[in-house]
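1. everything below, folded, please.
(one chain, ligands or ions: 2)
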Amino acid sequence: MSNPPGPPRAVPPRVLSVAGSDCGGGAGLQGDLKTAAALGAYGMSVVTAVTAQNSQGVHGSWPLPAEAVRAQFRAVTDDIGVDAVKTGMLASAELAGTVADLLAGLGDRVPVVVDPVGVSKHGDPLLAPDALRTLRERLLPRATVLTPNLDEAGWLTGVRVTGEDGMREAAAALLAYGPRWVLVKGGHLPGGAAADLLTDGTGEHWFRAARHPNRHTHGTGCALATAIAVQLARGAAVPAAVGSAKRYVTGAIAAGFPLGGGIGPVDHGWRSR
Ligand SMILES: Nc1ncnc2c1ncn2[C@@H]1O[C@H](COP(=O)(O)OP(=O)(O)OP(=O)(O)O)[C@@H](O)[C@H]1O
Ligand SMILES: Cc1ncc(COP(=O)(O)O)c(N)n1
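-> Ligands and ions are numbered 1, 2, ... in the order given. Here you go, the predicted model:
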């Protein structure tokens with residue numbers, strides 16, 4: 001049967017998450033797909049690793065073969081197409097290199113948000129230590145926006161960040177690896193504000209929100225990075241995309257809820273409740 005005639009359908013922005021699976025649904029590609037849907041984008045996923053995790057921690061992690069990652073990526077890009085990519089958990093040096101190769105094949109037109117996921121909120125490792133070099137040398141140069149938290153900024157640069165001056169120093173060191181923009185997330189700094197620094201080396205943009213006392217913050221970084229990718233897919237400039245994503249994640253943290261006995265998820269769908 002053929003489709004009934006009608007006006008051409010508007011197509012939502014297409015956002016691809018290259019990330020690990022979080023069966024608990026708060027972070028990783030499940031969180032990314034919820035974020036994309038909440039913001040009106042069409043989300044797609046390339047699974048890099050399967051994790052068994054919940055509000056209490058990560059209980060197991062199984063990276064996929066590189067061939068499976070390549071096949072998923074090609075299935076999406078050869079047919080559906082992408083307007084922006086977000087990368088999260090890459091698990092190993094081999095997969096980080098594989099993803100860098102695949103992104104190189106996309107060309108420069110498609111914006112890429114790289115969230116250099118190293119450990120989970122509970123401190124469980126999500127990336128092999130020997131992947132650091134591949135991440136720095138192969139993936140960071142392709143990032144339109146790199147979104148490290150303070151620990152990841154420290155791990156990537158050796159700069160120990162304990163305040164806003166340290167965030168500036170770490171951002172400058174990260175820009176030297178080649179990303180167009182760096183967003184250093186200050187969510188883990190003590191104090192009343194959750195302040196993030198965005199810079200491309202020519203100036204500073206600070207995004208500040210009141211720190212919410214909610215402990216249910218599983219998935220904050222994934223939601224923020226994907227929300228940035230959604231706005232870039234729509235054609236927003238990077239500072240505007242980050243501003244919009246910061247408002248979204250701040251609302252999602254304020255509405256985070258207690259599921260399970262530990263750290264519950266942010267509420268990806270808070271805007272429609
Ligand atoms: N309690 C809070 N209240 C308000 N904003 C917060 C809070 N905690 C984190 N944020 C903000 O959430 C965003 C994500 O930052 P965060 O530092 O939590 O990232 P992350 O550690 O990479 O997250 P994840 O652990 O989920 O990967 C940032 O914009 C940060 O400022
Ligand atoms: C698959 C996957 N990707 C990313 C995170 C980080 O999220 P969080 O730091 O909130 O645990 C995670 N826990 N699992």
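2. let me see the contact set for the residue in the stretch 51-200 of the chain that ligand 1 sits nearest to.
-> Nearest residue of the stretch 51-200 of the chain to ligand 1 (Cβ to the nearest ligand atom) works out as Gly187 at 2.6 Å. In this view, the C-beta of every residue, glycine as well, is placed from N, C-alpha and C. Listed by Cβ atoms under 8 Å, 6 or more residues apart in numbering, the contact partners of Gly187 are 149-150, 194, 196, 217, 220-221.
3. try 6 Å
-> Ala194 (Cβ atoms under 6 Å, 6 or more residues apart in numbering).
4. again with Ala100
-> With Cβ under 6 Å, 6+ apart, Ala100 has these contacts: 138-139.
5. tell me the pLDDT at it?
-> pLDDT for Ala100: 98.
6. separation between it and ligand 2?
-> From Ala100 over to ligand 2 the distance is 18 Å, taken as Cβ to the nearest ligand atom, to the nearest Å.
7. residues of the host helix or strand of that residue that come out buried?
-> Assigned by DSSP states H and E, Ala100 belongs to helix 93-106. Buried residues in helix 93-106, counted by 16 or more other Cβ atoms under 10 Å: 93-100, 102-103.
8. kindly report the same for stretch 26-38.
-> Buried residues in stretch 26-38 (16+ other Cβ under 10 Å): 26-38.
9. can you list the residues of the stretch 151-273 of the chain near ligand 2?
-> By Cβ under 6 Å from any ligand atom, the residues of the stretch 151-273 of the chain that approach ligand 2 are 218-222.
10. the stretch 1-150 of the chain too?
-> 19-20, 22, 27-28, 51, 53, 88-89, 117, 120-121, 126.
11. filter these by proximity to ligand 1?
-> Within these, those near ligand 1 by Cβ under 6 Å from any ligand atom are 27, 121.
12. wait, Ala170 touches Val159, no?
-> Yes - contact criterion Cβ atoms under 6 Å: Ala170 and Val159 qualify, at 4.3 Å.
13. quick one, which of those two is more surrounded?
-> Taking other Cβ atoms under 10 Å, Ala170 and Val159 do not tie; Ala170 has more neighbours (24 against 20).
14. on contacts alone, who are the packing partners of the helix or strand that one falls within?
-> Element membership for Ala170 (DSSP H and E) is helix 164-175. Applying 3 or more Cβ pairs under 6 Å, 6 or more residues apart in numbering; DSSP states H and E, one finds that helix 164-175 makes contact with helix 150-157, strand 181-185, strand 193-199.
15. Ala245 and Ala225 touch, don't they?
-> No - applying Cβ under 6 Å, one finds Ala245 not in contact with Ala225, separated by 7.9 Å.
16. any chance you could map the strands in the protein?
-> Counting by DSSP state E, the chain has these strands, from start to end: 14-22, 42-54, 57-63, 84-87, 112-114, 145-146, 181-185, 193-199, 204-210.
17. how many other residues sit next to Ala236?
-> 17.
18. highest mean neighbour count out of the helices and strands packed on helix 164-175?
-> The highest average neighbour count among the helices and strands packed on helix 164-175, using mean count of other Cβ atoms under 10 Å, belongs to strand 181-185 at a mean of 26.
19. packing partners for that strand?
-> strand 145-146, helix 164-175, strand 193-199.
20. save the ones you listed as a markdown table, and put in mean pLDDT and distance to Pro12 too.
-> Shown next, in a markdown table, are those (pLDDT from 0 to 100; distance: least, Cβ to Cβ, whole Å):
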| stretch | mean pLDDT | distance to Pro12 |
| --- | --- | --- |
| strand 145-146 | 98 | 21 |
| helix 164-175 | 97 | 31 |
| strand 193-199 | 97 | 25 |
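21. of all the helices and strands packed on helix 164-175, which one is nearest Met44?
-> Of all the helices and strands packed on helix 164-175, strand 181-185 sits nearest to Met44, with 22.9 Å by Cβ to Cβ.
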